[in-house]
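**Student:** Following is a predicted model, sequence given first.
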Amino acid sequence: MRVTSNTFPNTLIRHLQSTTVEMNSLNQQAATGQRINSLSDDSAASNRILNMQEEKGKITQYSKNASRAENINNTTISQLENFIQISDRVGEIATLANDIQGQQGLQAYAEEVDELIEHALQGANARFNGESLFGGVASGDSPFEEVVDADGNITSVGYVGADEGPEFHLSENGTVKPFTDGDTNREFGDFINRLIELRDALQSGTANAVDSNIRSGLEESENELIFTLSRQGSVQMRIEFDDTLNRQRYTDLENNISAEADVDIAQTIVRLTQVQNAYQASLQSAGRVLDSSLLNYV
């Protein structure tokens, strides 16, 4: 078989080129710690990494949703606790009022209840980050409107908010509503109106002005407030549970991506040294062969 004179140089060039490509790839892997730097390095693994990175992006958004929902829910719980404190105090006043002799004592209680009415209304119209806590999706205006008399006293309160609050996605199939619904918010309005009823009864200054109907109404409102507080506590648990799952899933995805993309630095350095030695050996061998001719053997 005839071997042309340029067969060896061509073979040598191809060998050196492939060795150089591998050496450059190993150098890049050693510098970046990444096995995959482009889709062509491993298309199957690259697609898996892209899918996992997309899922990480979704989980990041779910975590942001959970953080916002948690802040809203915590603020709602604080306001509910405030309502319950008001309810406890007016319950005491309603019980003690009938033991008070004289209009002056009842008027002092009436003034205190009037302050509590103002305080409760402020809480009912409270906002978090520009949104009404108790207005549902209609968060632009105050959800509770008051009617006042000529003296500036609140005579009634009405709910003008929405029936539902916005929901937050905590996972692909899981949502949570940190805002109270319209029926619950109307109960807050009823609570304030019962405070107004108590104040008006105290202002009458008559013995036994606070009857059993007023006291039972206040008790009903307090029961509703406690129930709502318990429900918001359940929402808090749900948010924390889903957020914990998302954090764990995010960590798992990072570990999986690392397993797909990262290199073993020690093995890479060993392989790089081997390739560099092979490259140098090829150059030395080629130099000796190319320097030889038939005259060396004459």
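**Tutor:** Done, it's in.
**Student:** ok, which stretches of the stretch 101-250 of the chain are helices?
**Tutor:** Listed in chain order, the helices found in the stretch 101-250 of the chain under DSSP state H, counting those that start in this stretch are 103-124, 182-204, 212-261.
**Student:** need the ones you listed in a markdown table with distance to F134, mean neighbour count and mean pLDDT, can you?
**Tutor:** Where you see a C-beta, it was placed from the backbone N, CA and C, and this is true even at glycine. Below are those laid out as a markdown table (distance: least, C-beta to C-beta, whole Å; neighbours: other C-beta atoms under 10 Å; pLDDT from 0 to 100):
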| stretch | distance to F134 | mean neighbour count | mean pLDDT |
| --- | --- | --- | --- |
| helix 103-124 | 6 | 18 | 93 |
| helix 182-204 | 5 | 21 | 94 |
| helix 212-261 | 10 | 16 | 92 |
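**Student:** Of all those, which one comes closest to T155?
**Tutor:** Nearest to T155 among those is helix 182-204; the distance by C-beta to C-beta comes to 6.6 Å.
**Student:** Would you format the helices of the stretch 101-250 of the chain as JSON lines with distance to A45 included?
**Tutor:** Output for the helices of the stretch 101-250 of the chain, formatted as JSON lines (distance: least, C-beta to C-beta, whole Å):
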{"stretch": "helix 103-124", "distance to A45": "56"}
{"stretch": "helix 182-204", "distance to A45": "51"}
{"stretch": "helix 212-261", "distance to A45": "5"}
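**Student:** Can you give me the distance of the residue nearest the centre of the chain to N213?
**Tutor:** By C-alpha atoms, centre = their mean, the chain has its centre lying nearest to A66, at 2.3 Å. Applying C-beta to C-beta, to the nearest Å, the value for A66 to N213 is 44 Å.
**Student:** Measure how the strand or helix carrying the residue nearest to the centre of the chain sits relative to helix 212-261, angle-wise.
**Tutor:** A66 is part of helix 43-96 when elements are defined by DSSP states H and E. With axes from the mean of the first three to the mean of the last three C-alpha atoms, to 10 degrees defining the directions, helix 43-96 sits at 160 degrees from helix 212-261.
**Student:** by contact count, what packs against helix 43-96?
**Tutor:** helix 103-124, strand 127-128, strand 168-169, helix 182-204, helix 212-261 (3 or more C-beta pairs under 8 Å, 6 or more residues apart in numbering; DSSP states H and E).
**Student:** Indicate which one of the ones you listed is closest to N71.
**Tutor:** The nearest among the helices and strands packed on helix 43-96, by C-beta to C-beta, is strand 127-128 at 6.9 Å.
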